[in-house]
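[1] Here is my input, please return the structure:
(one chain, ligands or ions: 2)
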Amino acid sequence: MALVVQKYGGTSVADAERVRSVARRIAERVEAGDRVVAAVSAMGSSTNELIALAREVSGNPHPREMDVLLSTGETRSSALLSMALDDLGHPAVSLSGVQAGIRTDTVYGSARISGIDTARIVRELDAGRVVIVAGFQGVSEDFDITTLGRGASDLTAISLAAGLKADACEIYTDVAGIYSADPRICPSARPLADIGYDEMLELATTGARVMHARAVEVAALNDVDVLVTSSFEDAPGTLIHAEAIMEQAEKVRGIAHQAHVAKVTVRGVPDRPGIAADLFEPLATAGVSVDTIVQNASVEDLTDLTFTVEREEVGRAVGVVEGILSEIGASEVVSDPDLGSVSIVGTGMATTPGFAARMFRALFDHDINIELISTSEIRITCIVRADQVAEAVTALHDAFQLDRED
Ligand code: ASP
Ligand code: MG
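    Ligands and ions are numbered 1, 2, ... in the order given. Here you go, the predicted structure:
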């Protein structure tokens, strides 16, 4: 009897009919002899609706109350799914984050899981029930409700799979798996049979939205194999696991993109030790999350420092920099909000030269200007104009022949 942890995303439980259809999917597994723990997301876009509602009520909603509010989305879908299973003749129980023993720190809105006490879940399973856990939420040491960050029901599921030492972890979503690129902008994109943790993590942090980045990290740390597949069709899906097949090592595995990137440039920055700290400390304190950072070689002891942020953070970032401009002796700050990024990812890059050259050539062939470049061992990211992101993705997908079978 295998223990399976599943996760159903928001679109998979978007309305009553879909909740019943997920219940049927779970029922089949139970009838086949498996024990099932399922983590669920909030229905459809209800988390966004709750956020909008909070903003209507308050100009500055308190983070603690925000988490109390947002957690209700998942609580609701867990109760509904449990009812639907009962109706199919399979006893089920919904558990909130607190009841499921998911303990976190107190960073409201992006709490980190510190441990899972699985006793209650195990007891319910032993009593023959299907356990439905409200995703995305936990409880702090003070018994306050916390949420784990947008998209973090994946994290709930993978942490549960690790904590329960489950035999399988399956993430059900609205697409057929992890694609070589976003199929909405790249028609020749195809689902991958498998991908390594490192590659998946790079894709998730540079824009692939199917999987939550920290969830991938937890899977890697605990060596949990994760199958990402569709709840709407019977697709083979993509297995995220310790290592991808050897012959693929030479290839780009996937392309990720971000459509809303802004860059901030600080001009005339004195080139002396401590300046970067002086600049980035206040940004960190203000909670601005900085992505790519580029510092130019200095001319006559003055340099330019450029960094990127998410587009909606650019106003705050510029405000913070303006406040310290004279203090650090820089001349001005300028910003450009209309950028995006495109990244190629593949473990082969660490050992095989030529990926960067091919990427830059392909972008040039499409008249796409590169504004900034950043790299890791297994990733190259180019910042380009926002309106050229889609073309950049398809151009690179063609250039690296990602439409071909593995
Ligand atoms: N409902 C949460 C969100 O929309 C968590 C999730 O769906 O994974 O971000
Ligand atoms: Mg998601």
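
[2] Below-threshold pLDDT in this structure: ranges please.
    For the chain, applying pLDDT under 70 flags the ranges 244-250, 406.

[3] For it, which segments count as helices?
    16-31, 46-57, 63-87, 119-126, 153-164, 197-205, 213-222, 275-285, 314-328, 355-365, 389-399 (DSSP state H).

[4] got the angle between the first one and helix 63-87?
    This means helix 16-31. 60 degrees (axes from the mean of the first three to the mean of the last three CA atoms, to 10 degrees).

[5] Distance from helix 16-31 to the middle of the chain?
    26 Å (CA atoms, centre = their mean, to the nearest Å).

[6] Same check on the fifth one?
    With CA atoms, centre = their mean as the basis, helix 153-164 stands 15 Å off its chain's centre.

[7] which helices and strands does it pack with?
    Helix 153-164 sits against strand 3-8, strand 35-40, strand 102-104, strand 113-116, helix 119-126, strand 168-173, helix 213-222, with contacts defined as 3 or more CB pairs under 8 Å, 6 or more residues apart in numbering; DSSP states H and E. For glycine as for every other residue, the C-beta is placed from the backbone atoms N, C-alpha and C.

[8] Please identify the deepest-packed of these.
    Counting by mean count of other CB atoms under 10 Å, strand 35-40 has the highest mean neighbour count of these, with a mean of 28.

[9] from what I can see residue 190 touches residue 178, true?
    No. Counting by CB atoms under 8 Å, residue 190 stays clear of residue 178, with 10.3 Å between them.

[10] which residues does the nearest residue to residue 213 once chain neighbours are set aside contact?
    For residue 213, ignoring the flanking residues on the chain, the nearest one in space by CB to CB, 6 or more residues apart in numbering is residue 204 at 4.0 Å. Counting by CB atoms under 8 Å, 6 or more residues apart in numbering, residue 204 touches 210, 211, 212, 213, 216, 256.

[11] Residue 82 versus residue 204, what's the distance?
    For residue 204, the distance to residue 82 equals 30 Å [CB to CB, to the nearest Å].

[12] Direction included, what does the longest strand anywhere in the chain pair against?
    Criterion DSSP state E: the longest strand present in the chain is strand 254-270. With DSSP bridges as the test, strand 254-270 is paired with strand 302-310 (antiparallel), strand 332-345 (antiparallel).

[13] Export the ones you listed to TSV and append columns for distance to residue 110 and mean neighbour count.
    Converted to TSV, the strands paired with strand 254-270 look like this (distance: least, CB to CB, whole Å; neighbours: other CB atoms under 10 Å):
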stretch	distance to residue 110	mean neighbour count
strand 302-310	14	20
strand 332-345	22	20
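
[14] ok, residue 159 to residue 94 distance?
    18 Å.

[15] So for whatever residue of the stretch 201-350 of the chain ends up closest to ligand 1, what's the nearest residue that isn't a sequence neighbour?
    When distances are taken as CB to the nearest ligand atom, the stretch 201-350 of the chain reaches nearest to ligand 1 at residue 212, 6.9 Å away. Excluding its sequence neighbours, the residue lying closest to residue 212 (CB to CB, 6+ apart) is residue 154, at 4.0 Å.

[16] next one: residue 143
    Residue 143 sits nearest to residue 98 (CB to CB, 6+ apart), 7.2 Å away.

[17] From ligand 1, how far out is the one you found?
    17 Å (CB to the nearest ligand atom, to the nearest Å).

[18] before we move on, what about residue 129?
    According to CB to the nearest ligand atom, residue 129 stands 23 Å off from ligand 1.

[19] isn't that residue right next to residue 93, touching?
    Yes. Between residue 129 and residue 93 there is a contact under CB under 8 Å: 4.9 Å.

[20] residues from this protein in reach of ligand 1?
    Within reach of ligand 1 by CB under 6 Å from any ligand atom, the chain has these residues: 10, 41, 42, 47, 73, 135, 136, 150, 151, 152, 153.

[21] So what's the residue count around the first one?
    If I follow you right, that is residue 10. 24 (other CB atoms under 10 Å).

[22] Repeat that for the last one.
    By the criterion of other CB under 10 Å, residue 153 has 28 neighbours.

[23] pretty sure it contacts residue 9?
    Yes. With contact defined as CB under 8 Å, residue 153 counts as touching residue 9 (6.9 Å).

[24] relative to its centroid, which residue of this structure is most remote?
    The outermost residue of the chain relative to its centre, with distances by CA atoms, centre = their mean, is residue 300 at 42.2 Å.

[25] Going through the residues of the chain next to ligand 1, which ones are buried?
    With burial judged by 16 or more other CB atoms under 10 Å, the buried subset of the residues of the chain next to ligand 1 is 10, 41, 42, 47, 73, 135, 136, 151, 152, 153.

[26] Quick check: residue 231 touching residue 14?
    No. Applying CB under 8 Å as the test, residue 231 and residue 14 come out as separate, 10.5 Å apart.

[27] okay, these two: which has more neighbours?
    The neighbour comparison of residue 231 against residue 14 (other CB under 10 Å) goes to residue 231, with 22 against 18.

[28] List the residues that contact the more buried one.
    8, 9, 12, 21, 22, 25, 172, 173, 174.

[29] from the residues you listed, which single one is nearest ligand 1?
    Checking the contacts of residue 231 one by one against ligand 1 (CB to the nearest ligand atom), the nearest turns out to be residue 9, at 6.0 Å.

[30] any idea how far the closest one lies from residue 172?
    Residue 9 sits 7 Å away from residue 172 when distances are taken as CB to CB.
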